[in-house]
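Q: can't give you the sequence, but here's the structure:
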């Protein structure tokens with residue numbers, strides 16, 4: 001009896017959950033973006049394989065926008081689930097830079113998590129923490145260049 005009741009409950013639960021699926025696609029529901037790029041330096045030198053994340057704050061619409069620095073420290077943002085760039089608005093900026101035990105940066109290619117590669121965050125929380133980063137950016141409708149000059153002792 002209880003087994004049959006549980007099956008009925010699960011069927012109703014999943015059917016109700018599935019009925020909310022559909023509608024507009026993610027790309028249709030995201031706001032328009034503008035090109036955003038920049039250069040990240042650490043103690044005056046460009047850093048490679050750092051992840052730059054713009055996290056919307058306040059009334060800013062959209063999702064996180066992420067870029068990875070190349071060998072010259074340059075990055076270009078792209079929405080996690082959408083177009084290149086970022087919507088206009090206010091952002092907290094988080095920069096993560098993972099180094100292996102031998103001091104070399106990890107390659108950001110999505111194949112494996114930094115922790116699985118024996119890598120540690122090389123930047124202090126004032127740059128690398130999603131809750132404590134002091135870095136901010138104000139993106140306009142035209143987008144723009146956002147350089148970040150990080151200093152670590």
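A: That came through fine. Small disclaimer: the values here were computed from a predicted structure and weren't measured.
Q: just checking, residue 30 touches residue 81?
A: Yes - when contacts are counted by C-beta atoms under 8 Å, residue 30 is listed as touching residue 81 (6.9 Å). In short, each C-beta sits where N, CA and C put it, glycine included.
Q: any shared contact partners between those two?
A: Between them, residue 30 and residue 81 share these contacting residues under C-beta atoms under 8 Å, 6 or more residues apart in numbering: residue 63.
Q: So between these two, which is more surrounded?
A: residue 30 (18 against 13; other C-beta atoms under 10 Å).
Q: any idea how far that one is from residue 53?
A: From residue 30 across to residue 53, the span is 16 Å (C-beta to C-beta, to the nearest Å).
Q: Enumerate the beta-bridge partners assigned to residue 34.
A: When assigned by DSSP bridges, residue 34 has beta-bridge partners residue 86.
Q: can I assume it is in contact with residue 142?
A: Yes - contact status for residue 34 versus residue 142: in contact at 5.8 Å, counting by C-beta under 8 Å.
Q: ok, residue 143 - contacts?
A: In this structure, residue 143 makes contact with 33-36, 85-86, judged by C-beta under 8 Å, 6+ apart.
Q: The protein: strands as residue ranges?
A: When secondary structure is read from DSSP state E, the chain shows strands at 36-42, 45-46, 51-56, 65-68, 74-76, 78-79, 89-96, 98-99, 120-121, 135-139, 144-145, 148-150.
Q: Of all those, which one comes closest to residue 113?
A: Distances from residue 113 to each of the strands of the chain were compared by C-beta to C-beta, and the smallest falls on strand 98-99, at 9.5 Å.
Q: now for that closest one, which elements pack on it?
A: Under the contact definition 3 or more C-beta pairs under 8 Å, 6 or more residues apart in numbering; DSSP states H and E, strand 98-99 sits against strand 120-121.
Q: Tell me which strands the strand it packs on pairs with, and in which orientation.
A: Paired neighbours of strand 120-121 in the sheet (DSSP bridges): strand 98-99 (antiparallel).
Q: now what about the strand it pairs with, what contacts it?
A: Residues contacting strand 98-99 (C-beta under 8 Å, 6+ apart): 49, 105-106, 114, 117, 119-122.
Q: Please produce a PyMOL select command covering the buried subset of those residues.
A: For selection in PyMOL, the members of the contacts of strand 98-99 meeting the burial criterion (16 or more other C-beta atoms under 10 Å) are listed in this command:
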select buried, resi 49+105+106+114+119+122
